[in-house]
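>>> Just to be clear, the model below is a prediction. Sequence and coordinates:
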Amino acid sequence: MEEQPAETVKEFAPKVAWDPEVEAYLRGALGDERFERTAAALCRPPRTTCLRVNTLRTTPEAVVAAVRQQLGPDSEGVVSIHPQVPCAVLLRGSGPHAVDYAGARGREVVVSRKAAEAVLRGAPVYAPGVLAASAGVGRGDLVALSAALERPGTDTPEITRGTTLYDSARAAGAEAAAAVAPAAAAGGTDAKAVADGSAPCEQGITRTVPAEVAATAPAVSAPPPGGAAATAAAEVAEAAADMDEGGGHQQEEEAAAAAGTDAEARDGTATASTSAAPGAGAAAGGAENLSVRARRRQRHRQYQQQLQQQGGPGVAEQLRHKGRRQAAAPGQAAAPDGTVAPAGGAESGPQQQQQPQQQQQPSQHQAQAQVLPAGGWTASSQGPVPPRTGLYVGLARAAMGRQEMFRAREGLALELVQPVFRVPPAVSGLPTGWAMLQNLPSVVAALVLAAPVPQVLLPQDGGAAAATSSGSSGSGSGGAPTSSSSSSASPSAAAPARPGLAPGMRVLDMCAAPGGKTTLLAALMGDVGEVVAFDRTHAKVGEIVSLARELGATCIRAHKMDAGRALALPPSAANAGAAASGRAKEGASGDASAEVEAKEGQRESQQQDGERAQGLQPVSEKARLREERRRANMLKRGITPPEPVGATAAAGGGGPAPGSFPPESFDALLLDAPCSALGLRPRLQQQAGCLYLRQCAAAQRRLVDGAVRLLRVGGAMVYSTCTINPGENEAVVRYLLDRYGASMRLVPAGPPVLGGPGLVGRHLSMVEPGVPLVGAAGAGTAGGAEAAAEGSTAAGGGAGSGAAGGGGERWLTEDEAPLVQRFDPAAEAEADGGDVAADHIGFFVAKFVKTAPVA
Ligand SMILES: C[S@@+](CC[C@H](N)C(=O)[O-])C[C@H]1O[C@@H](n2cnc3c(N)ncnc32)[C@H](O)[C@@H]1O
């Protein structure tokens with residue numbers, strides 16, 4: 001096999017791009033080293049896929065056998081039952097693998113960030129995900145796949161859809177073909193830059209030429225017509241034709257320049273067009289008259305001026321690079337493999353090898369770009385584009401030609417040939433309802449709710465659990481643990497325990513769609529009892545219903561409900577509730593965003609429920625009929641329609657929703673809160689800003705306010721998120737304990753325990769608007785932020801200042817931290833031998849028991 005130059009092989013090692021304020025905050029929370037590892041881990045998918053077995057229909061062993069049968073020899077070492085979570089079947093993948101991009105021969109397709117993230121999980125790319133492609137990419141071609149990030153703070157990708165990327169090697173070949181003479185004069189210092197492999201391109205990516213090639217390549221004169229350069233020119237010409245479809249004259253200008261038909265457009269100084277290679281000339285109009293060319297020149301200069309006016313340093317840099325490339329181009333030639341060979345002569349040799357040392361230190365992304373296939377890629381049909389990120393995500397084969405990729409609204413555009421991650425093969429042939437894909441920490445969250453609650457924490461009369469204590473713990477049906485918690489942090493670890501979840505209970509899943517955890521709760525209860533599932537979005541409630549049907553869970557009642565308004569207080573308590581609500585707002589008074597969020601949430605909820613509320617107090621016959629149809633429709637789809645209630649106030653403001661529940665309605669409760677999702681993987685970019693993080697936390701506190709009231713005394717509650725943001729995790733636990741500590745007790749979140757401890761300390765300025773976050777972190781604590789010196793304990797409740805109180809955002813104490821589970825995306829790297837079974841998304845689980853009514 002032909003040996004490939006090392007430069008074509010690329011490692012995948014990017015780090016998530018963050019909003020700067022969020023980065024400063026997370027660095028403070030996690031410490032620099034852990035933050036760096038987390039930022040790298042978030043760019044990669046977890047290498048283990050988890051199939052959660054539906055124990056209502058089958059057993060883990062049966063699923064493993066079915067998967068093995070389906071995968072055949074491929075299943076060797078790939079499939080296993082999780083040792084601590086019996087209802088979880090793990091399928092192991094591998095990566096990141098270095099990818100050799102030599103086969104792409106300089107062709108590239110840029111896809112949206114989201115498409116690239118899907119590629120990392122093993123998906124192909126569909127036409128809408130394609131943003132840019134090299135000129136002349138045809139069906140069946142191999143291409144390097146790269147990701148475009150979004151411009152900071154926007155959803156707009158950094159590269160416009162439809163952009164043509166020029167393969168600089170081909171463009172250079174065309175230019176060489178256009179030159180009658182070897183253009184020795186233009187070779188000068190730029191030829192030197194090319195020769196030593198450092199010639200930059202328009203995108204700010206430094207193109208690398210293998211040293212061997214640089215040292216040995218012959219000097220180039222005009223290549224023979226019909227050779228590689230002519231082919232390249234023809235492809236560039238095709239690109240020019242492509243670009244006419246939507247690119248406007250600027251694209252044409254660029255194409256002409258790249259095709260070597262207008263020397264003036266390239267260096268701005270030449271006075272005559274050179275004789276073009278046949279292909280290039282025919283394509284781009286080498287026999288144009290001077291006035292047309294003069295107009296082009298003018299437009300080109302105007303465009304450059306515009307760019308310089310609009311752009312920051314990036315644009316200036318691109319223009320500089322562009323000038324250098326263009327001047328250097330005549331001294332280059334396209335090697336058959338798409339690499340660029342330098343001009344020989346006096347400038348070549350050891351002198352050139354020193355050039356890179358004089359260059360500016362490349363950024364991280366540039367550093368990645370330096371190991372791109374020799375030849376590199378340049379942009380663009382629409383003028384210079386921002387410096388590329390160099391986020392290469394695999395070698396793919398085009399299933400469409402370039403034009404079709406942009407014209408098609410759907411359809412497979414690219415199939416992965418060499419992936420960065422090898423995900424386990426898809427398991428598609430399992431009998432319906434046997435298993436579902438569910439990330440392991442999510443499974444753990446439900447199991448933690450089912451885990452036994454130490455008896456000593458419960459009131460004498462046994463509260464809710466006593467009513468069902470004769471039932472099994474559910475371990476037989478769902479693999480829930482039966483033993484008492486083993487956490488040494490709990491003073492009551494050795495005490496007899498009662499199940500947190502058992503058949504016959506009435507359980508609430510407050511934010512339930514699409515229903516992964518809801519259906520697991522039902523399985524853990526043996527489908528006996530009632531699992532009430534809320535979601536605020538109508539369509540999503542439908543998803544819960546469908547999943548419940550598919551998995552055969554009949555005890556689930558799905559409601560469309562804003563969980564923050566689900567608490568119905570009796571009229572006598574309404575005033576007290578309103579007062580509680582007022583206090584909640586008071587507590588958050590330092591947090592302007594909380595109010596913003598509360599108002600927004602209220603507005604949205606009111607809007608969503610407006611129609612329904614009207615239907616409950618119909619103003620017309622038409623409205624009544626509409627409501628009837630609506631309710632019938634909901635019933636048909638398995639969604640429980642809301643019933644009117646007479647209550648007038650609820651914690652969290654906005655009043656109770658129709659169909660809301662009185663306090664202490666549920667024996668157990670799961671609050672899997674909507675969150676910033678900063679733990680989901682892979683993510684190549686995080687757009688969330690601090691304001692958004694604060695809004696998420698405010699919404700979560702509002703949901704907590706309702707949850708603690710809806711839970712019956714003696715009942716267990718799990719709070720979980722899929723974010724690594726301590727403001728939505730530890731700080732929410734702190735809020736709950738400070739505000740409701742007289743009624744709610746933090747207990748060990750387990751078994752099973754697969755995550756690490758929570759963060760101790762506080763962040764001084766996260767919740768204080770206008771205070772810069774940088775520098776807020778102290779040194780030497782678990783998170784790099786200030787140590788928890790205040791000694792707030794799990795039981796030491798009362799109306800504390802909460803997360804929003806003076807002194808910034810507060811997390812856990814040393815005693816509390818081991819009781820929760822923080823799933824660290826970077827944890828797997830720390831594990832012995834890098835155990836892929838421990839490769840998780842970022843997640844957080846905390847468990848509480850209600851020991852007394854909430855006043
Ligand atoms: C993290 S997801 C829940 C995932 C779910 N527990 C599972 O495991 O499949 C959060 C859900 O909360 C819903 N949601 C957001 N705000 C809500 C609210 N105020 N009341 C009820 N549901 C809400 C969202 O629509 C979303 O489906």
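Right, received. Where do you want to start? Residues are numbered from 1 along each chain as shown.
>>> what does the stretch 451-600 of the chain put close to the ligand?
Contacts of the stretch 451-600 of the chain with the ligand, taken as C-beta under 6 Å from any ligand atom, map to 511-517, 534-537, 540, 562-564. All C-beta atoms are positioned from the backbone trio N, CA, C, and that covers glycine.
>>> among the residues you listed, which two are most distant?
By the measure C-beta to C-beta, 516 and 564 form the most distant pair in those, at 21.6 Å.
>>> In terms of packing, which of these two has more residues around it?
Taking neighbours as other C-beta atoms under 10 Å, residue 516 and residue 564 compare with residue 564 leading, 30 against 23.
>>> Wait, that one touches residue 704, no?
No. In this structure, residue 564 is not within contact of residue 704 by C-beta atoms under 8 Å, at 9.7 Å.
>>> now the strands for the stretch 401-550 of the chain?
For the stretch 401-550 of the chain, the strands defined by DSSP state E, counting those that start in this stretch cover 412-419, 435-437, 453-454, 497-498, 506-509, 530-535.
>>> and which of the residues of the stretch 451-600 of the chain next to the ligand is nearest to residue 65?
Checking those against residue 65 by C-beta to C-beta gives residue 516 as the nearest, at 23.6 Å.
>>> Identify the residue nearest the closest one in space, chain neighbours excluded?
residue 438 (4.8 Å; C-beta to C-beta, 6 or more residues apart in numbering).
>>> How about residue 66?
Counting by C-beta to C-beta, 6+ apart, residue 430 is the residue found nearest to residue 66 once chain neighbours are left out, at 5.5 Å.
>>> and the one you found, how many neighbours does it have?
18.
>>> The residue nearest to residue 516 against residue 520, yeah?
Yes. Under the criterion of C-beta under 8 Å, residue 438 makes contact with residue 520 at 7.5 Å.
>>> Just the pLDDT for residue 387.
At residue 387, the pLDDT value in this model is 44.
>>> Flag every residue of this protein that's near the ligand.
Residues of the chain lying near the ligand by C-beta under 6 Å from any ligand atom: 442, 511-517, 534-537, 540, 562-564, 672, 674.
>>> Please indicate which of those residues are buried?
Neighbour counting with 16 or more other C-beta atoms under 10 Å marks 442, 511-517, 534-536, 540, 562-564, 672, 674 as buried within those.
>>> Among those, name the ones in helices.
Mapping those onto helices (DSSP state H) picks out 442, 516, 517, 540.
>>> Which one of the residues of the stretch 451-600 of the chain next to the ligand is nearest to residue 53?
Using C-beta to C-beta, residue 516 comes nearest to residue 53 of these, at 12.9 Å.
>>> so what's that closest one scoring on pLDDT?
Looking at residue 516, its pLDDT is 98.
>>> Can you point out the buried residues in the helix or strand hosting residue 67?
Using DSSP states H and E, residue 67 sits within helix 60-71. The neighbour-count check on helix 60-71 (16+ other C-beta under 10 Å) flags 60, 63, 64, 66, 67, 70, 71 as buried.
>>> I'd like the next helix or strand past that helix.
strand 79-81.
>>> what comes into contact with that next one?
Strand 79-81 has contacts (C-beta atoms under 8 Å, 6 or more residues apart in numbering) with 60, 61, 64, 67, 68, 71, 88, 89, 90, 91, 92.
>>> Look up phi and psi at the closest residue to residue 566 other than its chain neighbours.
Distance criterion C-beta to C-beta, 6+ apart; nearest residue to residue 566, sequence neighbours excluded, is residue 660 at 4.9 Å. For residue 660, the backbone dihedrals (degrees, to the nearest 10) come out as phi -80, psi 170.
>>> Surely residue 52 touches residue 516?
Yes. Counting by C-beta under 8 Å, residue 52 touches residue 516, with 7.5 Å between them.
>>> any common contacting residues for the two?
Counting by C-beta under 8 Å, 6+ apart, the shared contacts of residue 52 and residue 516 are 436, 438.
>>> What about the residue nearest to residue 566, how many residues nearby?
If you count neighbours by other C-beta under 10 Å, residue 660 ends up with 26.
>>> Repeat that for residue 153.
Residue 153: 9 surrounding residues under other C-beta under 10 Å.
>>> What of the one 3 residues further on?
Residue 156 has 10 neighbours, counted by other C-beta under 10 Å.
>>> Next: residue 558.
Using other C-beta under 10 Å, residue 558 has 29 other residues around it.
>>> With just CA atoms, put the helix or strand hosting it into PDB.
Element membership for residue 558 (DSSP H and E) is strand 556-560. Provided in PDB are the C-alpha atoms of strand 556-560 (Å, rounded to 0.1, in the frame of the first residue of the first chain):
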ATOM      1  CA  ILE A 556     -48.900   6.500  33.100                       C
ATOM      2  CA  ARG A 557     -51.300   9.500  33.000                       C
ATOM      3  CA  ALA A 558     -49.800  12.200  30.800                       C
ATOM      4  CA  HIS A 559     -51.000  15.800  31.300                       C
ATOM      5  CA  LYS A 560     -50.200  19.000  29.500                       C
END
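>>> quick check, residue 849 in a helix?
No. Assigned with DSSP: H, G, I helix; E, B strand; the rest coil, residue 849 falls outside any helix and is strand.
>>> thinking again about what came up before, counting by contacts, list what the helix holding residue 67 packs against.
Helices and strands touching helix 60-71, by 3 or more C-beta pairs under 8 Å, 6 or more residues apart in numbering; DSSP states H and E, are strand 48-53, strand 79-81, strand 88-92.
>>> Output it in PDB with nothing but the alpha carbons.
The C-alpha atoms that make up helix 60-71 are tabulated as PDB, following Å, rounded to 0.1, in the frame of the first residue of the first chain:
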ATOM      1  CA  PRO A  60     -31.600  -7.900  30.200                       C
ATOM      2  CA  GLU A  61     -30.300 -11.400  29.300                       C
ATOM      3  CA  ALA A  62     -32.800 -11.800  26.500                       C
ATOM      4  CA  VAL A  63     -31.800  -8.400  25.100                       C
ATOM      5  CA  VAL A  64     -28.200  -9.300  25.200                       C
ATOM      6  CA  ALA A  65     -28.800 -12.600  23.500                       C
ATOM      7  CA  ALA A  66     -30.900 -10.800  20.800                       C
ATOM      8  CA  VAL A  67     -28.200  -8.100  20.200                       C
ATOM      9  CA  ARG A  68     -25.500 -10.800  20.000                       C
ATOM     10  CA  GLN A  69     -27.400 -12.700  17.500                       C
ATOM     11  CA  GLN A  70     -28.000  -9.600  15.400                       C
ATOM     12  CA  LEU A  71     -24.400  -8.400  15.500                       C
END
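>>> Could you identify the longest strand within the chain?
For the chain, the strand reaching the highest residue count under DSSP state E is reported as strand 711-721.
>>> That one: what's the following helix or strand?
Next helix or strand after strand 711-721 toward the C-terminus (DSSP H and E): helix 730-740.
>>> got a list of what residue 161 touches?
Counted by C-beta under 8 Å, 6+ apart, residue 161 has contacts 130, 131, 132, 406.
>>> Next one: it, what pLDDT does it get?
93.
>>> Can you get me a residue count around the closest residue to residue 503 other than its chain neighbours?
Nearest residue to residue 503, sequence neighbours excluded (C-beta to C-beta, 6+ apart): residue 528, at 3.7 Å. Neighbour count of residue 528, defined by other C-beta under 10 Å: 17.
>>> Confirm residue 144 sits in a strand?
Yes. If the criterion is three-state DSSP, then residue 144 is within a strand.
>>> separation between it and residue 130?
Distance, residue 144 to residue 130, by C-beta to C-beta, to the nearest Å: 13 Å.
>>> Poorly predicted segments of the stretch 351-500 of the chain, please.
The stretch 351-500 of the chain contains residues with pLDDT under 70 at 351-390, 425-427, 456-496.
>>> In it, what residue comes closest to the ligand?
Of the stretch 351-500 of the chain, the residue with the smallest distance to the ligand, taken as C-beta to the nearest ligand atom, is residue 442 at 5.4 Å.
>>> How about the stretch 751-855 of the chain?
Proximity of the stretch 751-855 of the chain to the ligand (C-beta to the nearest ligand atom) peaks at residue 843, 10.5 Å away.
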